[in-house]
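*Asks:* sequence-free structure coming up:
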């Protein structure tokens, strides 16, 4: 793989740095962390805010000030590793992704300056207020249709399968310009990307995911070629028009690669956000009833969900030189895990941070979407989509509630958090 490959695949683990505090136990894949990370993260942040995690193989950073410093210094803390598998993958999966025609390039989250800013100026245009507004009727209509299907079925039902999973995928596919007829196939190809880049899948799972990634990349390339001859009012057409006008600033391969990466970035995190929103709000009936009575509270509630029960709990960087952070010397080439979940609960930043408060005035300052030049372009889009869904849910299903005593399972990975299924009930 080249320095600008979208995924750099390695088959060996990096050596740990010397001179750092070491934790022999901390890993986001531990069952206790999966169940409830907050007590673990609070203890880690308060006792050893910068520590080498032996099981993870990353230097873990947990205080808000330190996380912000990393985000704001991309020349020292490179984002080139954020889409790479966390652990070495099996040679059989690596061989699949070594296909001559599997050649997406890094474009946004993992592309360095000056190319990052060059590409970002074009992708930023696609996330304009106009584009978001054009999708609102679709988001609202599909929310109603999916709720209609829920109501026509039995109570209880799985909210993730019924709405939280299908809707974000369909929305991002409409945004990009993919035809509705391809939705189910696209969802299948994009499934488990979360596990591949941020989890620890088995060899068989790695092979299946690698085959899906290759098939999806080939689909994106054909779609992009077809879209050149049949443009529409969609993000793909805008990117191709930008390429045609500025071929020296946005290459054709970069257009393909933006579309390849966006399907996951615009889908899975919103699914997790919707599940976390119901996990946070439904047990707190006063909060849920307040949203039903006053939808103007919904944007603030979403910000608090993102802070308190973040769908994105961690992100990654790698040092480009020897440096010092929080008094800890860090050698060049150190893998760094930024614990966004811990930073969002930092008592130096938030009053009573472990309390969920939908009226918290500063919840929007959470670090879940990053900071600095790599701040997530889709942050506004994700919040807006969640807002529309909650508006429809509170209007249509004020009696919505969680099924008691259900066991909540989550996707095992280091970065993203949310229920893989969520049983909900309502009054018929």
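*Replies:* Done, it's in. This is a predicted model, so every value here is computed, not measured. Numbers count the residues shown, from 1 in each chain.
*Asks:* what's the neighbour count on the residue nearest to residue 374 when sequence neighbours are not counted?
*Replies:* Counting by Cβ to Cβ, 6 or more residues apart in numbering, residue 374 lies nearest to residue 79, which is 5.7 Å off, once chain neighbours are set aside. Glycine gets a C-beta too; all of them are placed from N, C-alpha and C. In terms of burial, residue 79 registers 25 neighbours under the definition other Cβ atoms under 10 Å.
*Asks:* Just confirm residue 79 contacts residue 110, I think it does.
*Replies:* Yes - in this structure, residue 79 is within contact of residue 110 by Cβ atoms under 8 Å, at 5.4 Å.
*Asks:* got any ranges where the protein has weak pLDDT?
*Replies:* Counting by pLDDT under 70, the ranges of the chain that qualify are 1-15, 264-266.
*Asks:* ok, which stretches of it are strands?
*Replies:* According to DSSP state E, the chain carries its strands in the segments 22-23, 50-53, 58-61, 77-78, 157-158, 314-319, 323-325, 328-330, 335-339, 401-402, 423-425.
*Asks:* what sits against the residue nearest the centre of the chain?
*Replies:* A centroid search over the chain (Cα atoms, centre = their mean) returns residue 269, at 4.0 Å, as the residue closest to the centre. With Cβ atoms under 8 Å, 6 or more residues apart in numbering as the criterion, the residues that contact residue 269 are 311, 312, 378, 382, 416.
*Asks:* In these, find the pair that's most separated.
*Replies:* The distance between the two most remote of these (Cβ to Cβ) is 14.0 Å, for 378 and 416.
*Asks:* Could you give me the buried positions within the longest helix along the chain?
*Replies:* Looking across the chain with DSSP state H, the single longest helix is helix 203-229. Of the residues in helix 203-229, those scored as buried under the neighbour-count criterion (16 or more other Cβ atoms under 10 Å) are 205-210, 212-214, 216-217, 219-221, 223-224, 227.
*Asks:* distance between it and the chain's centre?
*Replies:* Going by Cα atoms, centre = their mean, to the nearest Å, the spacing between the C-alpha centre of helix 203-229 and its chain's C-alpha centre is 20 Å.
*Asks:* Look up how far residue 258 lies from the residue nearest to the centre of the chain.
*Replies:* When distance is defined by Cβ to Cβ, to the nearest Å, residue 269 is 17 Å away from residue 258.
*Asks:* count of neighbours near residue 118?
*Replies:* 15.
*Asks:* Could you do residue 185 as well?
*Replies:* 13.
*Asks:* Quick check: chain neighbours aside, which residue is closest to it?
*Replies:* For residue 185, the closest residue by Cβ to Cβ, 6+ apart turns out to be residue 219, at 7.9 Å.
*Asks:* try residue 162
*Replies:* In space, residue 162 is closest to residue 150, 4.9 Å off (Cβ to Cβ, 6+ apart).
*Asks:* thinking again about what came up before, what distance do you get for the residue nearest to residue 185 to residue 235?
*Replies:* With distances taken as Cβ to Cβ, residue 219 is found 16 Å from residue 235.
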